[in-house]
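1. Take a look and give me a structure for this.
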Amino acid sequence: MDKTLLAIFAHPDDEAFGIGGTLTRYAQAGATVRLICATRGESGKITDPDIDPDSDVGVLREQELKDACAAMGLEPPIFLDYHDSGREERTQHSNKRALMHVPEDEIERALLQHIADIKPDVMLTFDPHGIYGHIDHIKIHRATTAAFWAAGGVMQPAPRRLFYTVLVADRMKEMQQSRPNSPLAKLDADVYGVSEDSLAAVLDVTAYVDQKEKAVKAHRSQTGPTSSFANISRDNETWREMFRRETLTLGGLRGSFPALPVDDLFAGLD
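-> Predicted coordinates:
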């Protein structure tokens, strides 16, 4: 497949949980699949008691992301070298390199350099709510959307499509019930989720369950025994939905688009 897909996210593990099956699918089909990660997840909470609590979290999670990319068949990730802003008690209020403090036009310029080099046909990033409202997710959504539209001035042909990864509201409600200590737990699913008729792409990634699960579990520091993910088994309906179906809305378009929803992000592209 002579196509290029570029995914842009904020932290290690964003890619595996949200869109790991899709990334694996296109990598296996022969597309060029690249991943940009804005931070190394330095402020993440360690959920595996077997990991040394004094570990350098950024170094640890950088390697976890490299391992996840290998599991999905991707090239090593590109890091923008910003710092994880954290959340709740780990919020990095005084860290000027934390993504929350970085001007969005600076992030946009950094992304544009990579977009011009990679020349993607299709781009992926977070939805406007950043799935669950994390400030880093929202910053990357905004900067990536801006970079998609600005790309026409720095490269031709410019990227043709921008997709946002999303959760359908009903699915989010199911996940809230099965993961009561997850970041989704207290959200209004009808606001943070989307309706089924909002979807631009619905991908059946059942064939890539094993690779996606391996990629998710590569993020060992985030999926340990004390994580909200730990209690979900393969027999759980939420698990099956999470690992077999990935959903996206359309965030930007150059040219035409087939009838919605498609089951191929490159559908209709020459």
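2. Give me the neighbour count for Q176.
-> For Q176, the tally of surrounding residues (other C-beta atoms under 10 Å) stands at 17. The C-beta positions use only the backbone N, C-alpha and C, and glycine is treated the same way.
3. I'd guessed it sits against Y192; true?
-> No. Assessed by C-beta atoms under 8 Å, Q176 is found out of contact with Y192, at 10.1 Å.
4. Can I get the helix or strand containing H137 as CSV, trimmed to CA atoms?
-> Using DSSP states H and E, H137 sits in helix 135-150. Taking C-alpha atoms only, helix 135-150 is exported to CSV below (Å, rounded to 0.1, in the frame of the first residue of the first chain):
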residue,chain,number,x,y,z
ILE,A,135,-5.2,19.5,28.8
ASP,A,136,-2.3,17.9,26.9
HIS,A,137,-4.8,16.0,24.7
ILE,A,138,-6.7,19.2,24.0
LYS,A,139,-3.5,21.1,23.2
ILE,A,140,-2.4,18.4,20.7
HIS,A,141,-5.9,18.3,19.1
ARG,A,142,-5.7,22.1,18.5
ALA,A,143,-2.1,22.2,17.3
THR,A,144,-2.6,19.2,15.0
THR,A,145,-5.8,20.6,13.5
ALA,A,146,-4.0,23.9,12.9
ALA,A,147,-1.0,22.1,11.4
PHE,A,148,-3.3,20.1,9.1
TRP,A,149,-4.7,23.3,7.6
ALA,A,150,-1.3,25.1,7.5
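5. Show me how far it is from its chain's centre.
-> Put simply, helix 135-150 sits 12 Å off its chain's centre (C-alpha atoms, centre = their mean, to the nearest Å).
6. Please apply the same query to stretch 243-256.
-> A distance of 13 Å separates the centroid of the chain from that of stretch 243-256, by C-alpha atoms, centre = their mean.
7. same question for that stretch, mean pLDDT?
-> In this model, stretch 243-256 has a mean pLDDT of 95.
8. please renumber so the chain begins at 42
-> Let's use 42 as the start, then, which means that last one is stretch 284-297.
9. which SS class is A48?
-> Three-state call for A48 (DSSP: H, G, I helix; E, B strand; the rest coil): strand.
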